[in-house]
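In: Requesting a structural model of the entry that follows:
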Amino acid sequence: MPDEIARWLAEHARPLDTLTPGAPTDDLKPLGVKLRGARIVGLGESTHGTREFFRLKHRIAEFLVCEEGFTTLAMEASESAARALDAYVRHGVGDPARLVARLGFWTWRTQEMVDLVQGLRAHNRDLPEERRVRFAGVDPQRGADSVEAVTAFLRTCAPEREEDARALEVLAHARPGSLPDPEQVLRHRTEEVARYVADHDDADDVVVEHARILVRAADLVTRSLDQSAGEESAFAVRDRAMADAVARLVEDDPTGRVMLWAHNGHVATGTYGDRVTALGSRLRERYGEGYYALALLFGRGSFLARRGTGLQGRPVRHRIGTGTRSIEARLADAVRGDYYVDLRTPAPWLHAPQAQRSFGSSVPRFSYRFHTAPLVPAENYDGIAFVARSTCSQPLPQTGE
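Out: Coordinates of the predicted model:
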């Protein structure tokens, strides 16, 4: 590693004393200082299956809620299913493990996530309603709860719309781009249903919101997966919908502050894939320095992911070393252990192209060890939390979808 990079990292890194939630937070105070002007902080991750990322983000969330006044935890998870988990976090309604398992993705069906939401519930238990932290999903896909709520309303209050109720059922488990349709017939039908529900005297605010969620879901599933479609592709529409969801959370609470939990690719302030505008980039455009993107990277170890490019199958353990060519290798060589570093301090190397490792919910069978994504640190992130060693997250029973 060039000496100037190593020296800069050694000078600016702030060690993390522990990854364990509930521990003293003196080591997190430098991060708190950097976030004083932020309304939103993006908490990224380079894998969805790393136990240490869950634990560190749990610890950071505790710190931000208790000491920095953050009011909402928003996740890259089903906007529909998260409403029930919010009822548990704020009011103790339901079983946390079952509600976590219903968030729509195997990645969140972990003991670490249950620990997190139980911690949020414990924080809220003795607080007045207006001071309780909220939980929200920002991903419009996987709308089973919204389908159930809206179809039940239609069958009770508008039985003549049975055909509409049946048409909505496909949105319960549909994924982005799974029903491509240039005419977006399903979206238009869902919009008409949402207008009908909103105008109906017997519709409460809950069912009206579920109908709006289904409009966003229908928009997403009828888009094309072809990234050459640019801003109209399913990938771009998904990040735009998630950014809009975060914006609604901010606008609903003028003094609130949002913690956004998502993959590094989404929280980044640039693009990913074939130049897809990331969620974080849209938030930077809207809120400027009021959005802070914190990436989580690791040096070596193991993580869970599905094997291959399919959407089925159980997540399995994958292993990887530090390597020599990635930014993770430089971070591991420069400073030992776990640490946080702010990237808003000027340095030439932060504007030079790097390579970062990036793994989604599934990875190629053999070549994942060699996969990297382009990175210009100062253009993509505001800070990095680095974990020296990764181990696998702990799935709840029956993790397959």
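
In: Quick check: phi and psi on residue 295?
Out: The phi and psi torsions at residue 295 (degrees, to the nearest 10) take the values phi -90, psi 150.

In: pLDDT score for it?
Out: Here, the pLDDT recorded for residue 295 equals 98.

In: ditto for residue 2
Out: 65.

In: so residue 355 sits in a helix?
Out: No: checked against DSSP: H, G, I helix; E, B strand; the rest coil, residue 355 lies outside a helix; its state is strand.

In: Ignoring the adjacent residues along the chain, who's closest to it?
Out: Once flanking residues are discounted, residue 355 sits nearest to residue 372: 3.9 Å by C-beta to C-beta, 6 or more residues apart in numbering. The way it works is simple: take the backbone N, C-alpha and C, and place the C-beta from them, glycine included.

In: for that neighbour, what are its contacts?
Out: If you count contacts by C-beta atoms under 8 Å, 6 or more residues apart in numbering, residue 372 has them with 325-326, 355-358.

In: Quick check: PyMOL command selecting the buried ones in these.
Out: In PyMOL, a selection of the buried entries from the contacts of residue 372 looks like this (16 or more other C-beta atoms under 10 Å):
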select buried, resi 326+355+356+357+358
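
In: Residue 243: which of the contacts of residue 372 is nearest?
Out: residue 358 (19.7 Å; C-beta to C-beta).

In: related to what we said a few turns ago, which two in the contacts of residue 372 are spaced the farthest apart?
Out: Pairwise over these, using C-beta to C-beta, the maximum falls at 325 and 358, 13.9 Å.

In: Any chance of the backbone angles for residue 316?
Out: phi -130, psi 170.

In: Next: the one 4 residues further on.
Out: Listed backbone geometry of residue 320 is phi -160, psi 140, with angles given as degrees, to the nearest 10.

In: Relative to residue 338, how far out is it?
Out: 17 Å (C-beta to C-beta, to the nearest Å).

In: residues making contact with stretch 81-95?
Out: 75, 96, 99-100, 102-104, 117, 120-121, 124-125, 129, 132-137, 142, 144-145, 206, 209-210.

In: Find the helix or strand that residue 301 is a member of.
Out: strand 291-307 (DSSP states H and E).

In: Work out the gap between that strand and the centre of the chain.
Out: 12 Å (C-alpha atoms, centre = their mean, to the nearest Å).

In: likewise stretch 75-82?
Out: 9 Å.

In: still on that earlier bit, where helices are concerned, which of the contacts of stretch 81-95 count?
Out: Here DSSP state H is the test, and the contacts of stretch 81-95 give 96, 99-100, 117, 120-121, 124, 144-145, 206, 209-210 as lying in helices.

In: between those, which is nearest residue 251?
Out: So of the ones in helices among the contacts of stretch 81-95, ranked by how close each gets to residue 251 (C-beta to C-beta), first place is residue 209, at 14.6 Å.

In: farthest residue from the center of the protein?
Out: residue 160 (38.8 Å; C-alpha atoms, centre = their mean).

In: Including pLDDT and distance to residue 84, could the contacts of residue 372 go into CSV?
Out: Shown next, in CSV, are these (pLDDT from 0 to 100; distance: C-beta to C-beta, whole Å):
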residue, pLDDT, distance to residue 84
325, 83, 44
326, 91, 39
355, 94, 40
356, 95, 35
357, 93, 34
358, 93, 31
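
In: Point out where the stretch 101-250 of the chain drops to low pLDDT.
Out: For the stretch 101-250 of the chain, not a single residue meets the criterion pLDDT under 70.
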